[in-house]
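In: got a sequence here, can you build the structure:
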Amino acid sequence: MHIKAIRKFLEDHPQVKSQKMTTSQINRGIVKPESLGTNEPYIHKYATISDPNTGIPYVATATVFVSHAWRYPFCDIMADVMEQHAESHPDAYFWFDLFTNDQNEVASKDFEWFSSTFRDGVRDIGTVLLILSPWDDPMLIRRAWCLFEIFNSLAAPNVELLICLPRSEISKLGATILRDSEYLIKALSSIQAEKAEAREASDLEMIFEVIRKSSGGFPHVNTVVKHGLRSWYVKQLNFLLEKSPDDHLLSLSFAKVMAAFGFVNDALACATKCLDSPNVDEELQADVLNTIANFHFEKRNFSDALLCHNKSLAITIGRVGETHQDVAQSFNNIANANCMLGHLDTALQFYNKSLEIVQTLYGGKHNTVAAYNNIGNLYKKKGNTDEALQFYNKCLAIQLGVKGNNHPEMADVYDNIGKVFSSQGDPHQALEYHNKSLAINLPTLGEDNPSVGSTYNSVANIYSDLGVLEKALEYHAQSLDIKIHIFGSNIPQVASTYNNMAMVYSDKGDTVKAMQLYQKSLAIQLDTLGESHPDIAASYNYIANLHSDRQEMDKAFDCYKALAIRVQIYAENHPDVADTYCNMGLDHEIMKDYEAAHRCMSKALEIQRGLLGEEHQEFQRTLRVIKSMPN
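Out: Numbering: from 1, shown residues only. Purely as a prediction, here's the structure:
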């Protein structure tokens, strides 16, 4: 039916709108009575009629298969969404079962008839429009036959899956995000296709069995639906912003959601527009700068992040003076950026400035925890693990007294301590602390939480170091499932996990699988981060190492474009630059080009000496390699 035919139906039956009739109510009160005895679907009432003004036929070959829940109010949801679609597709003809199936006969049909009708309809029409409402708990996902339509859309080649919300839900979406920018992320994580229901238990079981046996099963259905939802939500947020361009708080909230969904470039554009507005006061301007800096952190553009944090600091000091919590936070942010840039001594100075303000304001109370934790992270990065443990234990002592032993912030500290023990070569102690973290987070945050996924990743790395490779892959897979479930498959965090899994497969001797995962990771990173990015350089480095292990030296050196990327981002004075020089030196040694090997390893040694000192394990390792090389 054309949208004009749907309008005609509503004009002929005003009670549909006035009584807010659902699809089920329309079926019982209008469709079945008016088509009784005809042995034809209801759509035949309009088959020979055209729009009197335009001559457009009311009925023609379907171009859009509409997937909906029969409990939806027809006008507020079904008709609204089809109107939206028709605005951009004026020639669309909608297939939906209420009108296109003979409702007086369908009760006698079996599962095979229904399944083939929906399957063939999806494949023949080629475009499926999913109508989702309410926005934070879509009823459609909970209906088994709707789920079956989604599944067939995913399984069929060349079928376009579109997702749409009614306008009323879009308005609720904006209001909710303004109130709580994290609510949407929580709502998406709770959507599970496995929770679907059906009126007939036998139908439910047969549908579930078909999905379970398919490639990817329920996780694939969940992932694709959620990816579509994320894309649709970001599109709607941009639409809402166009309507309220001067609502800067709304812009900032929406930007944070976009970044959380992996649309960091959209988030940056949104926040930058807010920053450029002349109506933004100083307090909000500082907040926007910090938010933009966080987005640059997400993209690993640490120099740009540092620039934004410095601008925010200048505004904040001018507004509140030098001894204020906001200034302490700015010092902490600047320290974080310097830390990621490899400027560890500078970072330590700013962490101590932040800590000094916090201690002046609050004494030794729990407000100092973040500063102690960050200083612990820095000492761990410097290789001073004893100092790192000292600061982490200060965190624990304060947290235990303030928040008790079962708070997620305790879990974070346990994870940090676990990483220290791992770097000290004590994997069993490390596992003990990571398990303490999981014992807190699993009951309080649940399985589908980024913190849990991060801990699984740490545990996987420990099992990898222990040589228990199947166990390592098991934990990496759990971490990967969480990330894809929450954020989708095309984000840098997923790429990072693919790299970790590739390393394990490489250790197993399965270099083919390892290379596939490295390339998969690189493809995601190139798509989301661009070509000049630290993560891209890291992936090229990993691929170069694998080529080297396979004695494919020409291919290995082709991948050392990682060095140019890292020098462009950091200049020469950075640990990652030193790491690339080390790898190149080892490969030159394999090729018996000892002069080039010495040259590369010596460059690495000088960088490590300046940044880490001669006592650091990385410096000592490089020094041992140089001494072992032939002259």
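In: in this structure His44 contacts Tyr58, no?
Out: No. Assessed by Cβ atoms under 8 Å, His44 is found out of contact with Tyr58, at 10.9 Å. From N, CA and C alone the C-beta is placed, and that goes for glycine too.
In: neighbour count winner among the two?
Out: Set His44 next to Tyr58 and count neighbours by other Cβ atoms under 10 Å: Tyr58 wins out with 22 against 15.
In: for the more buried one, which non-adjacent residue is spatially closest?
Out: Ala5 (3.6 Å; Cβ to Cβ, 6 or more residues apart in numbering).
In: any idea how far that neighbour is from Asp12?
Out: The spacing between Ala5 and Asp12, counted by Cβ to Cβ, to the nearest Å, is 10 Å.
In: of these two, which one has the most company?
Out: Just comparing Ala5 and Asp12: by other Cβ under 10 Å the higher neighbour count belongs to Ala5, 24 against 12.
In: that one is in contact with Tyr46, isn't it?
Out: Yes. The pair Ala5 / Tyr46 is scored as a contact, 5.0 Å apart, by Cβ under 8 Å.
In: what about the residue nearest to Tyr58, which helix or strand?
Out: Assigning secondary structure by DSSP states H and E places Ala5 in helix 3-12.
In: residues of that helix that come out buried?
Out: 3-9 (16 or more other Cβ atoms under 10 Å).
In: tabulate those (JSON lines), appending distance to Phe148.
Out: Below are the buried residues of helix 3-12 laid out as JSON lines (distance: Cβ to Cβ, whole Å):
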{"residue": "Ile3", "distance to Phe148": "26"}
{"residue": "Lys4", "distance to Phe148": "30"}
{"residue": "Ala5", "distance to Phe148": "26"}
{"residue": "Ile6", "distance to Phe148": "24"}
{"residue": "Arg7", "distance to Phe148": "30"}
{"residue": "Lys8", "distance to Phe148": "30"}
{"residue": "Phe9", "distance to Phe148": "26"}
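In: nearest to Val280 among those?
Out: Using Cβ to Cβ, Ile3 is the member of those that sits closest to Val280, with 41.8 Å.
In: show the pLDDT at that closest one.
Out: We have a pLDDT of 95 for Ile3.
In: ok, back up a step: contacting residues around the helix holding Ala5?
Out: 1, 16-17, 46, 49, 51, 54, 56, 58-59, 75, 79, 82-83, 86, 90, 92, 94 (Cβ atoms under 8 Å, 6 or more residues apart in numbering).
In: change it to 6 Å
Out: Helix 3-12 is contacted by residues 16, 46, 51, 56, 58, 79, 82, 86 when judged by Cβ atoms under 6 Å, 6 or more residues apart in numbering.
In: ChimeraX command to pick out the buried ones of those?
Out: Remark: buried members of the contacts of helix 3-12, expressed as a ChimeraX selection using 16+ other Cβ under 10 Å:
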select :16,46,56,58,79,82,86
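In: identify the farthest-apart pair in the contacts of helix 3-12.
Out: Checking these with Cβ to Cβ, the most distant pair is Val16 and Ile56, at 21.8 Å.
In: what's the burial count for Asp281?
Out: Asp281 has 10 nearby residues by other Cβ under 10 Å.
In: correction: Thr63
Out: Count around Thr63 with other Cβ under 10 Å applied: 15.
In: do the same with the one 10 residues further on
Out: The tally of other residues near Pro73 (other Cβ under 10 Å) stands at 21.
In: please list all residues in contact with Leu341.
Out: Applying Cβ under 6 Å, 6+ apart, the residues near Leu341 are Phe302.
In: coming back round to it: which of the buried residues of helix 3-12 lies closest to Ala144?
Out: Using Cβ to Cβ, these come closest to Ala144 at Ile6, 26.1 Å.
In: Arg609 and Phe619, how far apart?
Out: Taking Cβ to Cβ, one finds Arg609 at 6 Å from Phe619.
In: between the two, which is the more surrounded one?
Out: Phe619 (22 against 15).
In: that one is in contact with Gly610, isn't it?
Out: No. Counting by Cβ atoms under 6 Å, Phe619 does not reach Gly610; the two are 9.9 Å apart.
In: if I pick Gln72, what's in contact with it?
Out: No Gln there; residue 72 is Tyr. Counted by Cβ under 6 Å, 6+ apart, Tyr72 has contacts Met78.
In: and it, backbone torsions?
Out: Dihedral pair for Tyr72: phi -70, psi 140, per degrees, to the nearest 10.
In: measure it to Gly37 for me?
Out: For Tyr72 relative to Gly37 (Cβ to Cβ), the value is 28 Å.
In: how about Val452?
Out: With distances taken as Cβ to Cβ, Val452 is found 59 Å from Gly37.
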